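**Student:** no sequence for this one, just the structure:
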């Protein structure tokens, strides 16, 4: 595998990890808001069923 493919894989891996952490953060935030408000919270138009 050449350096270009290795660099591309590293970038994709980092990107996926960032997206995963952001998703977990948003889900946690939505769950906390649901617990506080006691109702279904909509984030960016998507209902969170947690």
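**Tutor:** Good, I have the coordinates. These figures come from a predicted structure and were not determined experimentally.
**Student:** Pull up the per-residue confidence for residue 7.
**Tutor:** What the model reports as pLDDT for residue 7 is 92.
**Student:** Quick check: which element contains it?
**Tutor:** Using DSSP states H and E, residue 7 falls within helix 3-37.
**Student:** Give the other helices and strands that that helix contacts.
**Tutor:** strand 42-43 (3 or more CB pairs under 8 Å, 6 or more residues apart in numbering; DSSP states H and E). C-betas here are computed from N, CA, C, even on glycine.
**Student:** Buried ones in the helix holding residue 7, by neighbour count?
**Tutor:** Buried residues in helix 3-37, counted by 16 or more other CB atoms under 10 Å: residue 30.
**Student:** lowest average confidence, helix or strand, in the chain?
**Tutor:** The weakest-scoring helix or strand in the chain, judged by mean pLDDT, DSSP states H and E, is strand 42-43 (a mean of 52).
**Student:** Give the residue spans of this protein that score low on pLDDT.
**Tutor:** Scanning the chain for pLDDT under 70 picks out 1, 36-50.
**Student:** now with 80?
**Tutor:** 1, 33-50 (pLDDT under 80).
**Student:** Roughly how far does residue 31 sit from residue 23?
**Tutor:** Going from residue 31 to residue 23 by CB to CB, to the nearest Å gives 12 Å.
**Student:** what does residue 4 give?
**Tutor:** Distance check for residue 4 against residue 23: by CB to CB, it reads 28 Å.
**Student:** repeat for residue 35
**Tutor:** For residue 35, the distance to residue 23 equals 19 Å [CB to CB].
**Student:** tell me the contacts of residue 23?
**Tutor:** Not one residue lies near residue 23 by CB atoms under 8 Å, 6 or more residues apart in numbering.
**Student:** shift numbering so it begins at 30
**Tutor:** Happy to do that; since the first residue is 30 now, the last one works out to residue 52.
**Student:** and it, how far is that from residue 61?
**Tutor:** Residue 52 sits 15 Å away from residue 61, going by CB to CB.
**Student:** With residue 37 instead?
**Tutor:** Taken as CB to CB, the span from residue 37 to residue 61 is 36 Å.
**Student:** same check, this time on residue 53
**Tutor:** Residue 53 is 13 Å from residue 61, by CB to CB.
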